[in-house]
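J.: Sequence first, then the predicted structure:
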Amino acid sequence: MFSSRPAASSLGRPAALVAQRRLSTASPLTCILEERRGPVGLITLNRPKALNALSPTLVRELVQEVKRFDADPEIGAIVVTGSGDKAFAAGADIKAMQPLSYMDMHKARLFGELDELSSVRTPIIAAVNGFALGGGCELAMTCDFILAADTAKFGQPEIKLGTIPGLGGTQRFTRAVGKSRAMELVLTGDQMSAEEARERGLVARVVPAADLLDDALKTAGKIAAQSQPIVAMAKTCVNVAFETSLAEGLRFERAIFYSTFATHDQKAGMAAFAAKEKPNFKNE
């Protein structure tokens, strides 16, 4: 899992952080699989008998491995998908939550680790195969964008269990698909097809189920081939557009745009364009 190569430093990825990652002792993963595909980190939710339901252990391991990939200067993008064909994640683990009280939930901040994904600089792609319901839909929405198999289904069915979405399902879902449709799905617990999710902007693209992982890895590879610090800046700007006013977003974007001219990679990219050559980005 860990590399023995010397710690490297890149903008946004301090050498100390990389060294800390490699010196840490990680416990064996029990609910996810992780591997490298060149400059892409691949994480697979791996509880197939439970349709990859989000247990506390799965969420903890997922966030841990995302942060490990984020700290690695040789990883330029991350793909998260589910094992099997039936589900990306068919919800949170109801058996783990059912006996808990309000104070249990409040004190444990159950699944609260997912909030940490918002601070990850490396782009995260959700490759949604099959059901993405409840916590599974919310997990997909915490990623930077979603690629969906044509068999995928999205929804927030918590209302059928006598509760409400608690990991962003009333917030990100509404921002993505609009108040009226989000309200209908949250209040009925009905599901949305992959094609409707694409039409409404929840999903970036829909691809045949058999091609989903290859497509996601290819897309991640395109991102990983760019300048990592510039990608991180672009990601931040898009997220600001999602969370602030247009005027404030434009001011933020302009400041970040100007700041790219202090990087090596902006110089390399524009010089290569002028020379009709491929740029040699150094992530500096």
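T.: In hand now; what should we look at?

J.: Give the residue spans of the stretch 151-284 of the chain that score low on pLDDT.
T.: By pLDDT under 70, the stretch 151-284 of the chain has no low-scoring segment.

J.: whoops, I mixed them up, the stretch 1-150 of the chain
T.: 1-26.

J.: residues in contact with residue 59?
T.: If a contact means Cβ atoms under 8 Å, 6 or more residues apart in numbering, then residue 59 has 111, 113-114 as its contacts. Where C-beta positions appear, they are placed from N, C-alpha and C, glycine not excepted.

J.: try 10 Å
T.: 31-32, 45, 92-93, 110-114, 135, 139, 167 (Cβ atoms under 10 Å, 6 or more residues apart in numbering).

J.: Separate out the buried members of these.
T.: Burial by neighbour count, judged by 16 or more other Cβ atoms under 10 Å, picks out 31-32, 45, 92-93, 110-111, 113-114, 135, 139, 167 from the contacts of residue 59.

J.: can you give me the helices in the stretch 101-250 of the chain?
T.: Counting by DSSP state H, counting those that start in this stretch, the stretch 101-250 of the chain has these helices, from start to end: 102-108, 135-142, 172-177, 179-188, 194-200, 212-224, 228-243, 246-259.

J.: how far off helix 212-224 does the longest one point, in degrees?
T.: With axes from the mean of the first three to the mean of the last three Cα atoms, to 10 degrees as the criterion, the two stretches helix 228-243 and helix 212-224 enclose an angle of 110 degrees.

J.: Tell me which other helices or strands helix 228-243 touches.
T.: The contact analysis (3 or more Cβ pairs under 10 Å, 6 or more residues apart in numbering; DSSP states H and E) places helix 228-243 against helix 172-177, helix 212-224, helix 246-259, helix 264-274.

J.: Try it again at 6 Å.
T.: helix 246-259 (3 or more Cβ pairs under 6 Å, 6 or more residues apart in numbering; DSSP states H and E).

J.: who does the helix it packs on touch, helix- and strand-wise?
T.: For helix 246-259, the elements it packs on are helix 228-243, judged by 3+ Cβ pairs under 6 Å, 6+ apart.

J.: Contacts for the helix it packs on next, please.
T.: 11-12, 76, 121, 123, 249, 252-253, 256, 260, 265, 283 (Cβ atoms under 6 Å, 6 or more residues apart in numbering).

J.: One more pass at 8 Å, please.
T.: Contacting residues not belonging to helix 228-243 are listed as 10-13, 73, 76, 118, 121-123, 144, 175, 223, 248-249, 252-253, 256, 259-260, 263, 265-266, 281, 283-284 [Cβ under 8 Å, 6+ apart].

J.: follow-up on the earlier one: nearest to residue 51 among the helices of the stretch 101-250 of the chain would be which one?
T.: Shortest separation from residue 51 across the helices of the stretch 101-250 of the chain is recorded for helix 135-142, at 8.4 Å, computed as Cβ to Cβ.

J.: can you list contacts of the closest one?
T.: 52-54, 62, 80, 82, 87-92, 111, 114, 117-118, 124, 126, 128, 132, 146, 154-156, 165, 167-169, 172-173, 176, 202.

J.: Mind doing that once more with 6 Å?
T.: Among residues not part of helix 135-142, those counted as contacts by Cβ under 6 Å, 6+ apart are 54, 88-92, 114, 117, 126, 128, 132, 146, 154, 167-169, 172.

J.: now it against helix 179-188, angle please.
T.: With the same axes, to 10 degrees as the basis, helix 135-142 and helix 179-188 are set at 150 degrees to each other.

J.: now helix 135-142, how far from the centre of its chain.
T.: Helix 135-142 sits 9 Å away from the centroid of its parent chain (Cα atoms, centre = their mean, to the nearest Å).

J.: With stretch 55-71 instead?
T.: Taking Cα atoms, centre = their mean, the mean C-alpha location of stretch 55-71 is offset from the chain mean by 11 Å.
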